[in-house]
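**Student:** A predicted structure for the sequence below; I have some questions about it.
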Amino acid sequence: MESSILTIALAGNPNSGKTTIFNNLTGTRQKVGNWPGVTVEKKEGTIHRHGYALKIVDLPGTYSLTPFSIEEIVARDFILDESPDVVIDIIDASNLERSLYLATQLRELDCRLLFALNMADVARERGIKIDADKLSELLDLPVVFTVGNRNEGIDGLLESAIALAESDVEIPRRRRVKYSKDIEVAIAEIRERLVGGATGELPYNPRWIAIKLLENDTVVRERAAAAMGQGAGALMDLVDRHRATLRDLYDDDPEIIMTDERYGFIAGIVREAVTTSTTHRRVDISRNIDLVLTNRLLGLPVFIFFIWAMFQLTFSLGAYPMAWIESGIGLLSGGLTRALPQGLFRDFLMDGLIAGVGSVIVFLPNILILFFCIALFEDTGYMARAAFLMDKIMHLIGLHGKSFIPMLMGFGCNVPAVMAARTLESERDRILTILITPFMSCSAKLPVYIILAGTFFGAQAGSVIFGIYLMGIALSILTGRLFRSTLLKGEEAPFVMELPPYRAPMLKSLMIHMWDRSKMFLKKMTGVILVGSVVVWGLSAFPRNIDYSVDYEGRIAFIREAYEASAAEASAGQRREALQAEMDRRVDEVRQARDMERAEKSYMGRLGKFMAPVFHPLGIDWRGSVALLTGFAAKEIVVSTLGILHAAGQGSEALQAALGESGMTRLSALSMMLFVLLYMPCLATVSAIRRETGSTRWMLFSIGYSTALAWGVAFAVYQGGRLLGLA
Amino acid sequence: MARRNIPEDAQGKTGLKAIHNQEKQQFRKLFSQENIDRFEDRYRILEILLQTEHHLSEAEVTEMLNENGHDFSPALIRETLDLMCHFGFLHANRFDNGRMLYEHRHLGQHHDHMICTKCGRIEEFTNESMESLQRKIAADSGFHMLQHRMEIYGICRDCLKERIPILPLTAARQGERLVVREVAGGSNVRVRLMTMGLRVGDEIEVITNLSAGQVVVALDHNRLALGRGLADKIMVRALDSQEMKAAEGGAQ
């Protein structure tokens, strides 16, 4: 239907309300967070308006187009290489100068630029009035007022964008920053050399390349050198000479002088277009909150309280819906048992599907609550403060506070956590963070702890689980220090981060974030976990015909006969009933023994037996070995595998009872929990690591290192405990 | 450089003459002690040099000698200039353009300098007891003093009065209002801070300074969290009383 597609890119500072406007424009549900560079992923949405298909691309939030971080490179490359039809620069009116800094850089790229003047209401409250017409005239571009969080001005914005794309006006070259004479001379000379000497086609507008070369932009330098072919050496000599001359002249680096001059240009615009009334300076609430929440003495205790409250809420509040889900599953399987004939299909449905998926889905409430809390931290702006407070502690690892955000998310799920490491500027920091994030015990590992600790540690289960979490943190610190001093040596990048203003969270937005992440959990459930459960069940249910060592059926028949005989003798009803109960108990015992043997002789059992020598020194039996093996697909499966192998039926209580009788001890349970904490990340995380580090070697390294560490720690704990007589 | 700041009228023509005679005598004494040949020729070279108060290059010295009817070999001139530098009669300076220039030292005539590193002002002083002390020190070590130089670098009285202490941001206390004076470190860090809105001359308020040096500062309505390494590089000064008044007036 549409004749043409227009690409519209959204650019702007972090926290300028860009993501909200993107959501308003596209209507898709996106994550709105508060830490810098939350939108590092390229997000797009296509809408249909006025006969066009509008492809709207949300660029990462950046302060400039100088390539300091991945986000800035991503944003710049998109504008340069994909040449969108229109770039909408979201201007935070309450931070006008800084927003205009990015705008001057966009202007230098010679793209069709449009301003969305956002948060003008906030600016007005602070006594800042912006004359949009004047601004539009001074910079020679359209300016549209928007209020992102009230969804105002969006239609006007789209109309202006389309009008701008349709217009064939030359992109104005007048209204851009003019540098001082010496710099302009240098730019002109380099520009001439570029135009005259290029062997291939110049990648971008030559003036811009010249400016970036003078600013010593390494990315542009490489690309310009490639375009210049043989002339590259001479060009770089020219650039270096000009840089040296300018440095002598201004007694500072040219990039500093040029940044200064851009701000000078901006100051001129602000003088013309902005009126500030100093009648009444309002109390800055965010500042006052920060006085408390980032306080030297109060900050950390408050932070620890919030984290404690988050876990407390997750597990105590989560217990109620967990019980409902469990009883629901119990009802379902009870109904199916009665409705379906005995046979392979019923076994598959009951023991494979329902037992497998059921044992995982009970944790959905926990995960929902955990993600709700994390979304709450993000949306209120507290997450950035947490990063600040953790900066000191993160220095122990040789990282800075920003790495804490991926690590904290790791407690929820390692996949988004590994992806969140993108916000780090240095590659070494990124890789190091990715390597240690899996030691943050993700929510999928929690069911394993709950079952094991619940069975063997009773009332102390909570403390033991907390200890396991701490162990993960401690080992991540040790690992970090180890790698920082060996594999990933390097300077720590300077830590600077904006603390966004506190905002009252919107329930709708919280729900969206919570749901977005929980969706990932549910997707995993329907995909990986479902398949995993079925495979595990299949391996344990086959071969169907097993050569039993004992004639179980014969024994059952014998018990029955014995009952019939004694029942005939007993006359009183009460005595009869007691005998019947005794018989049932004995039959169950025999059946359980039979199920155990069948599990042992199944394919799964054989695999477990094969693996057992590796796990034996850790106090983990063949069932545990198999469960751990299946946990590679997803950690939740460990629990369901245990359930199937112990033929425990549905619900965690049954499994706990079975585990209690399986011969496991407190010590071996602890050893297994530690192994689960540390060993290789799940399939989804491993693929995320591969993607984010861009290297199969790092992925394999992560798998190898974590598994080796897990084995070592579990071995030390189990054998050490035995030596101390704790078995 | 210091010497050229001395007003010319401080040393009269007769004074100069006397100094030069003293140098000649010392020159004669030293060279004869050292059994250096062609003393008379070398003495002419010194005389030529003593006629001017300018910095001279080797070529200029040769030219002046020629004008006075002396035709010495370049090797002799070269060697003599080196010798005189070695004995402390001459001072050689390699200037930025790579040329070596020579000037003679005013042996005997003497005053000491105090140089302000901030405004560059040079103050002269002489102190007889220090001069005699210096002579005594040299004599006690059996050292033949030709000349000495005494320069005291520091901040002059006027500059000291205006000075407001500059300190790194890590040393600031919570609640302090400061002005950013300087950001040390590479241009990358500096440009980065500038693009985030923190520039030299900006007024900031310290919201938090964790003991380990991580700092939160308020800048207008924004707050920036800075790691210790970075905060150490940001040099600040406290607001002076006038700025303080303005800031408080705005806050009310």
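**Tutor:** That came in fine, so what should we check first?
**Student:** just the pLDDT for A:Arg76.
**Tutor:** On pLDDT, A:Arg76 comes in at 85.
**Student:** how many residues are close by A:Leu158?
**Tutor:** 21 (other CB atoms under 10 Å in any protein chain shown). C-beta coordinates here come from the backbone N, C-alpha and C atoms, glycine included.
**Student:** is it true that it touches A:Ile56?
**Tutor:** No: contact criterion CB atoms under 8 Å: A:Leu158 and A:Ile56 do not qualify, at 9.1 Å.
**Student:** which neighbours do those two share?
**Tutor:** A:Leu25 (CB atoms under 8 Å, 6 or more residues apart in numbering or on different chains).
**Student:** chain A contacts on chain B?
**Tutor:** B:174, B:185, B:187-197, B:199, B:207-212, B:214, B:216, B:218, B:220-230, B:250-252 (CB under 8 Å from any CB of the partner chain).
**Student:** buried ones only from these, please, as a PyMOL command.
**Tutor:** A single PyMOL command selects the buried members of the residues of chain B next to chain A (16 or more other CB atoms under 10 Å in any protein chain shown):
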select buried, chain B and resi 174+185+187+189+190+191+192+193+194+195+196+197+199+207+208+209+210+214+216+218+220+221+222+223+224+225+226+227+228+229+230
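**Student:** all helices for chain B, in order.
**Tutor:** B:13-33, B:39-50, B:58-67, B:74-87, B:128-140, B:157-162, B:187-195, B:228-233, B:241-251 (DSSP state H).
**Student:** near chain B, which residues of the stretch 1-150 of chain A are found?
**Tutor:** Contacts of the stretch 1-150 of chain A with chain B, taken as CB under 8 Å from any CB, map to A:63-64, A:66, A:68, A:94-95, A:97-98, A:101-102, A:126.
**Student:** so the chain: which segments form each domain?
**Tutor:** No chain in the question, so chain A it is. As assigned by automatic domain parsing, chain A contains the domains A:4-166, A:181-251, A:545-598.
**Student:** my bad, chain B
**Tutor:** B:1-107, B:110-163, B:166-245.
**Student:** looking at these, which is buried most?
**Tutor:** domain B:166-245 (a mean of 19; mean count of other CB atoms under 10 Å in any protein chain shown).
**Student:** what is the helix or strand A:Gly268 falls within packed up against?
**Tutor:** Taking DSSP states H and E as the definition, one finds A:Gly268 inside helix A:254-273. Judged by 3 or more CB pairs under 8 Å, 6 or more residues apart in numbering or on different chains; DSSP states H and E, helix A:254-273 is in contact with helix A:96-108, helix A:132-139, helix A:181-197, helix A:206-214, helix A:232-250, helix B:187-195.
**Student:** please work out the average pLDDT along it.
**Tutor:** On average, helix A:254-273 scores 89.
**Student:** list the buried residues of that helix.
**Tutor:** Quick answer for helix A:254-273 (16+ other CB under 10 Å): A:254-263, A:265-266, A:269-270, A:273.
**Student:** can you check stretch A:603-617 too?
**Tutor:** Those would be A:604-605, A:607-608, A:611-612, A:615, for stretch A:603-617 by 16+ other CB under 10 Å.
**Student:** how about it as CSV, C-alpha atoms only?
**Tutor:** This file holds the C-alpha atoms of stretch A:603-617, laid out as CSV (Å, rounded to 0.1, in the frame of the first residue of the first chain):
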residue,chain,number,x,y,z
TYR,A,603,19.5,-44.8,29.8
MET,A,604,19.6,-41.9,32.1
GLY,A,605,20.8,-44.1,34.9
ARG,A,606,23.5,-45.6,32.8
LEU,A,607,24.6,-42.1,31.8
GLY,A,608,24.6,-41.1,35.4
LYS,A,609,26.6,-44.1,36.4
PHE,A,610,29.1,-43.4,33.7
MET,A,611,29.5,-39.8,35.0
ALA,A,612,29.4,-40.9,38.7
PRO,A,613,33.1,-41.3,39.2
VAL,A,614,33.6,-37.6,38.4
PHE,A,615,31.0,-36.6,41.0
HIS,A,616,31.7,-39.2,43.6
PRO,A,617,34.4,-37.2,45.3
